[in-house]
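Student: coordinates only, sequence not included:
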């Protein structure tokens, strides 16, 4: 944690064993800042290779044609595997997004207008400009339905590229891009709920409302354990799915009910740790190979429980979800959704289609122009301030990184285009434009000197 001013020894390690040599590389990879973005790129590349290999038919057989039934009788749901991924697993992704949004608004960079004004301005530009460009190109056509596709930013990819630039990037730029992506995600969630819902079944929606009220009651009553929230959250997911609203919205709704405050006094916690440490030492320290005594084990368990209570339920759930979402759910989503056949016969019509042109220009012109333009305007009008360590070229590079649509763009495209041909054209544009935006953003940021440099 920044500002502590004191260093601590690393966690105590046991004797090396052969398993350590096997696990260590994977552990180092997951600790890399860019690791989730790298894994996402690999999953997307694997999907493209698979979908264009001699085994391309197996790609659709595995993800689209295979079905899975969960539940019994009237509670049974039968869906293709890709739909389970997009409706259920991605609900956990949106739960994590919802937790991040709530934390940033109540405790983070978005809690005051002064802190939030610059990323909000950039996000608004990155929402309006791409959607307007797409809408202008597809005006009067059924394909206008895809206007929400180019407004999304993939934060994992964007921060992954930012991490590859290294220490040349100031911390304030990472904060700006992260906050911008969170506002962007919030807007995308509203778009999904309001514009990509076909029919609503009022009965199930009313039941979902009751489940949501019950979740809020748990929060107000002071429940801190996750089990009742998650049980009610699953019920909420089922009811939202049956209501006609996209089921992933249940994840965001659940996030809004998770308590963000803790009930532990910090001074008492620190005194407890000091006393527990003294008690462990009083029991005797016989060297690193000796087992803990029963008393020491009991104290260690008490420390673990107390440390858990210091973290708010929201933080605990966020930390628990993050590795699963980053290293499993999102890569599996990419593997199941990014596969599109690329051939001379398909790429020509796709590249000239209104869908592909609208998506590509939205991400490659609308995003950079909207993010940078609105941020510049907010600063010039005095509505926002630019940190001293940020150069204009830093903001320009970040605006290009915001053009990496990928995960959320693919998700919205799947909702916007039921016809496979239209969806494939949108996917090609998303993938191509995201690569270009990432490369351009990387080059701009790599060429930008730190503000302190002469």
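Tutor: Done, it's in. Note that this is a predicted model, so its numbers are computed, not measured.

Student: which other residues reach stretch 311-329?
Tutor: Contact with stretch 311-329 is made by 30, 35-36, 39, 89-90, 92-93, 95-96, 99-100, 102-103, 156, 224-226, 229, 255, 258-262, 308, as judged by CB atoms under 8 Å, 6 or more residues apart in numbering. Where you see a C-beta, it was placed from the backbone N, CA and C, and this is true even at glycine.

Student: in which helix or strand would I find residue 79?
Tutor: Following DSSP states H and E, one finds residue 79 within strand 77-80.

Student: next structured bit after the helix or strand harbouring residue 163?
Tutor: Using DSSP H and E, residue 163 falls within helix 155-165. Of the helices and strands lying after helix 155-165 in sequence (DSSP H and E), the nearest is helix 171-195.

Student: Could you pull up the residues touching the nearest residue to residue 202 once chain neighbours are set aside?
Tutor: Spatial nearest neighbour of residue 202, excluding adjacent residues (CB to CB, 6 or more residues apart in numbering): residue 243 at 8.0 Å. Residues in contact with residue 243, defined by CB under 8 Å, 6+ apart, are 200, 201, 202, 204, 205, 208.

Student: if we go to 7 Å?
Tutor: 200, 201, 204, 205, 208 (CB atoms under 7 Å, 6 or more residues apart in numbering).

Student: TSV for those residues, including secondary structure?
Tutor: Shown next, in TSV, are these (DSSP: H, G, I helix; E, B strand; the rest coil):
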residue	secondary structure
200	coil
201	coil
204	helix
205	helix
208	helix
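
Student: Just the buried ones from those, in ChimeraX syntax?
Tutor: Selecting only the buried entries of those in ChimeraX, with 16 or more other CB atoms under 10 Å as the criterion:
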select :204,208
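
Student: nearest to residue 77, of the contacts of residue 243?
Tutor: Lowest distance from residue 77 to the contacts of residue 243 (CB to CB) belongs to residue 204, with 13.2 Å.

Student: what stretches of the stretch 151-300 of the chain score poorly on pLDDT?
Tutor: Low-confidence segments of the stretch 151-300 of the chain (pLDDT under 70): 264-265, 285-290.

Student: OK, contacts around residue 251?
Tutor: Taking CB under 7 Å, 6+ apart as the test, what residue 251 contacts is 91, 92, 94, 95, 98.

Student: Strands along the protein, start to end?
Tutor: 67-70, 77-80 (DSSP state E).

Student: What residues sit buried inside the last one?
Tutor: When you say that, I think you mean strand 77-80. Buried residues in strand 77-80, counting neighbours by 16+ other CB under 10 Å, are found at 79, 80.

Student: count of residues packed around the nearest residue to residue 312 once chain neighbours are set aside?
Tutor: Spatial nearest neighbour of residue 312, chain neighbours left out: residue 262 (4.6 Å); criterion: CB to CB, 6+ apart. By other CB atoms under 10 Å, 17 other residues sit near residue 262.

Student: Next, find the distance separating the residue minimising distance to the centre of the chain from residue 183.
Tutor: In the chain, the residue lying closest to the centroid (CA atoms, centre = their mean) is residue 97, at 5.3 Å. From residue 97 across to residue 183, the span is 11 Å (CB to CB, to the nearest Å).

Student: Over to residue 397?
Tutor: Distance of residue 397 to residue 183, computed by CB to CB: 19 Å.

Student: Residue 126 too?
Tutor: With distances taken as CB to CB, residue 126 is found 9 Å from residue 183.

Student: Looking at the two, which has the bigger crowd around it?
Tutor: residue 126 (35 against 23).

Student: isn't that one right next to residue 401, touching?
Tutor: No - using CB atoms under 7 Å, residue 126 makes no contact with residue 401, being 10.6 Å away.

Student: circling back to that earlier point, looking at it, the residue nearest to residue 312 is touching residue 310, isn't it?
Tutor: Yes - using CB under 7 Å, residue 262 is in contact with residue 310, at 6.0 Å.

Student: Just list the residues touching the residue lying closest to residue 102 once chain neighbours are set aside, thanks.
Tutor: Leaving aside its sequence neighbours, residue 102 sits nearest to residue 255 (CB to CB, 6+ apart; 5.8 Å). Residues near residue 255 by CB under 7 Å, 6+ apart: 95, 98, 99, 102.

Student: Can you pick out the most distant pair from the residues you listed?
Tutor: Maximum distance among the contacts of residue 255 (CB to CB): 10.7 Å, for 95 and 102.

Student: more crowded one of those two?
Tutor: The residue with more neighbours, out of residue 95 and residue 102, is residue 95; 25 against 21, by other CB under 10 Å.

Student: measure the more buried one to residue 318 for me?
Tutor: 9 Å.

Student: for residue 109, same thing?
Tutor: 16 Å.

Student: And for residue 441?
Tutor: On the measure of CB to CB, residue 441 and residue 318 end up 27 Å apart.

Student: In terms of neighbours, single out the busier of those two.
Tutor: Shown here are residue 441 and residue 318; by other CB under 10 Å, residue 441 has more neighbours (25 against 22).

Student: what sits against that one?
Tutor: Residues in contact with residue 441 (CB under 7 Å, 6+ apart) are 161, 397, 400, 401.

Student: In terms of pLDDT, where does the closest residue to it other than its chain neighbours sit?
Tutor: Nearest residue to residue 441, sequence neighbours excluded (CB to CB, 6+ apart): residue 400, at 3.5 Å. Per-residue confidence (pLDDT) for residue 400: 96.
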